[in-house]
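S.K.: what's the 3D shape of this:
(one chain, ligands or ions: 4)
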Amino acid sequence: MANSFSLTTFSSSSSLFIALLLIFSAAASAQLSSTFYSTSCPNALSTIQAAVQSAVANEKRMGASLLRLHFHDCFVQGCDGSVLLDDTSSFTGEKTAGPNQNSIRGFDVVDNIKKQVEAICNQTVSCADILAVAARDSVVALGGPSWTVQLGRRDSTTASLSQANSDIPSPNSNLSALISAFSKKGLSTNDMVALSGAHTIGQARCTVFRTRVYNETNIDASFATSVQGNCPSTGGDNNLSPLDLQTPTTFDNDYYTNLVNKKGLMHSDQQLFNGGSTDSLVNTYSTNPSRFTSDFVTAIVNMGNISPLTGTQGEIRLNCRKTN
Ligand code: HEM
Ligand SMILES: *[C@@H]1O[C@H](CO)[C@@H](O)[C@H](O)[C@H]1NC(C)=O
Ligand SMILES: *[C@@H]1O[C@H](CO)[C@@H](O)[C@H](O)[C@H]1NC(C)=O
Ligand SMILES: *[C@@H]1O[C@H](CO)[C@@H](O)[C@H](O)[C@H]1NC(C)=O
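M.R.: Numbering: from 1, shown residues only. Ligands and ions are numbered 1, 2, ... in the order given. Prediction:
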């Protein structure tokens, strides 16, 4: 190696250097594109949107569940569809990780979307891109903002149970742990606060907020009492409560109003408004819905850019639950 370099002339070694630099920088910032399927599968996006609209019409919570799948996908190995892989006797997926088990849902809806997309364009649209588009269409279906989804992610042939356990933030996290979990993925504190606004929709299990509603002091007393009504101090672990008690199936900025009123459901939620560095941003989002909307859109596009597989990396799965 050293010899072959020393034999090259200055000009050819510097152009080699520039070529390598271009290759590495292309790999490092592999570009997604909003028009990725325009010629290869022009009806992909309309097919996904129709399927999401029908799933959300059938059960509004599904919009929340699909949005969360994109988050849990992107925080583990990047947005590569790894969260969708089933465990088998010879393969360990992410579905049994603490943050996922008995918690993430929507796999049947994703299967149905994938089946419809495969029927119009065989092995063209990745499962990772389906999750990114379904997240956007879910937010829109529940009255939230729309945005242009960047596309061209490919699917992983691997999954990481250990990273799902370590990198998806816990509902017991304090503010500094939340900030560092997002920072580890290249996301800012502002992105973290804006993305947490996703908790304006969906439900959580008693087991993840019990300690907060029984034992914490930075909580509105009547809110705590009301949530305790469906979350006994022992038992009832899977009983559900809405993350936003006001409008649980509408994507709005009420999440932040709740935090200002000490009505965050989970410990991690209330951490965003607890006398720390993010209080002022929460205040802003609670009074300025359009600031929330534009910051949320910026942040979810940033999240969708976490370490995608592109080009010839990974594969286009035929079935989102298993590698080809
Ligand atoms: C900031 C750190 C976060 C923590 C600690 C967190 C934690 C949680 C927990 C514990 C639940 C309830 C799970 C259960 O009861 O089984 C939940 C639900 C949910 N999370 Fe998060 N989350 C965070 C950020 C996000 C982000 C960034 C998104 C999406 C952009 C998101 C979207 C959702 C949605 C939509 C639900 C309700 C899901 C449903 O009803 O099926 N979360 N989250
Ligand atoms: C799609 O293509 C793959 C190979 O690329 C093939 O195995 C599969 O049977 C095809 N499916 C359909 C529905 O044509
Ligand atoms: C926040 O949580 C982390 C990890 O659990 C812990 O190491 C740290 O001491 C906590 N920080 C504060 C300010 O409580
Ligand atoms: C609340 O705290 C007390 C005292 O630490 C503890 O015994 C109890 O189990 C806690 N309750 C819940 C629901 O976390």
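S.K.: Please, where are all the strands along this structure?
M.R.: Counting by DSSP state E, the chain has strands at residues 203-205, 240-242.
S.K.: Make TSV from those and add distance to ligand 3 to it.
M.R.: C-betas here are computed from N, CA, C, even on glycine. Output for those, formatted as TSV (distance: least, Cβ to the nearest ligand atom, whole Å):
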stretch	distance to ligand 3
strand 203-205	20
strand 240-242	24
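S.K.: can you put those in a markdown table and add mean neighbour count, distance to ligand 1 and mean pLDDT?
M.R.: Output for the strands of the chain, formatted as a markdown table (neighbours: other Cβ atoms under 10 Å; distance: least, Cβ to the nearest ligand atom, whole Å; pLDDT from 0 to 100):
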| stretch | mean neighbour count | distance to ligand 1 | mean pLDDT |
| --- | --- | --- | --- |
| strand 203-205 | 17 | 4 | 98 |
| strand 240-242 | 18 | 7 | 98 |
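S.K.: Could you dump those strands into JSON lines with distance to Pro248 added?
M.R.: Shown next, in JSON lines, are those (distance: least, Cβ to Cβ, whole Å):
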{"stretch": "strand 203-205", "distance to Pro248": "7"}
{"stretch": "strand 240-242", "distance to Pro248": "3"}
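S.K.: Local confidence estimate at the residue minimising distance to the centre of the chain?
M.R.: The chain has Phe71 as the residue nearest its centroid, 1.2 Å off, counting by Cα atoms, centre = their mean. In the prediction, the pLDDT value recorded for Phe71 is 98.
S.K.: Point out the residues in the chain that sit beside ligand 4.
M.R.: 210-211, 214-215, 233 (Cβ under 6 Å from any ligand atom).
S.K.: Are any of these buried, and if so which?
M.R.: Taking 16 or more other Cβ atoms under 10 Å as the criterion, what is buried in the residues of the chain next to ligand 4 is Arg210.
S.K.: Can you tell me what sits against stretch 255-263?
M.R.: For stretch 255-263, contacts defined as Cβ atoms under 8 Å, 6 or more residues apart in numbering pick out 196-197, 199-200, 218-220, 223, 243-246, 264-265, 269-270, 272-273, 282-283, 285-286, 292.
S.K.: Can you list the buried residues in that stretch?
M.R.: Residues 255-259, 262-263 are the ones in stretch 255-263 that count as buried (16+ other Cβ under 10 Å).
S.K.: Kindly report the same for stretch 267-282.
M.R.: Neighbour-count burial for stretch 267-282 flags 267-274, 278-279, 281-282 (criterion: 16+ other Cβ under 10 Å).
S.K.: Quick check: the two most widely separated of these?
M.R.: Taking Cβ to Cβ as the measure, the buried residues of stretch 267-282 reach their widest spread between His267 and Leu281, a distance of 18.7 Å.
S.K.: sorry, back to before: quick one: which of the buried residues of stretch 267-282 is nearest ligand 1?
M.R.: Nearest to ligand 1 among the buried residues of stretch 267-282, counting by Cβ to the nearest ligand atom, is Ser268 at 3.9 Å.
S.K.: Near the residue in the stretch 51-200 of the chain that ligand 4 sits nearest to, how many residues? Count them for me, please.
M.R.: Closest residue of the stretch 51-200 of the chain to ligand 4, Cβ to the nearest ligand atom: Asn172 (11.1 Å). Using other Cβ atoms under 10 Å, Asn172 has 13 other residues around it.
S.K.: and if you look at Pro169?
M.R.: Pro169: 19 surrounding residues under other Cβ under 10 Å.
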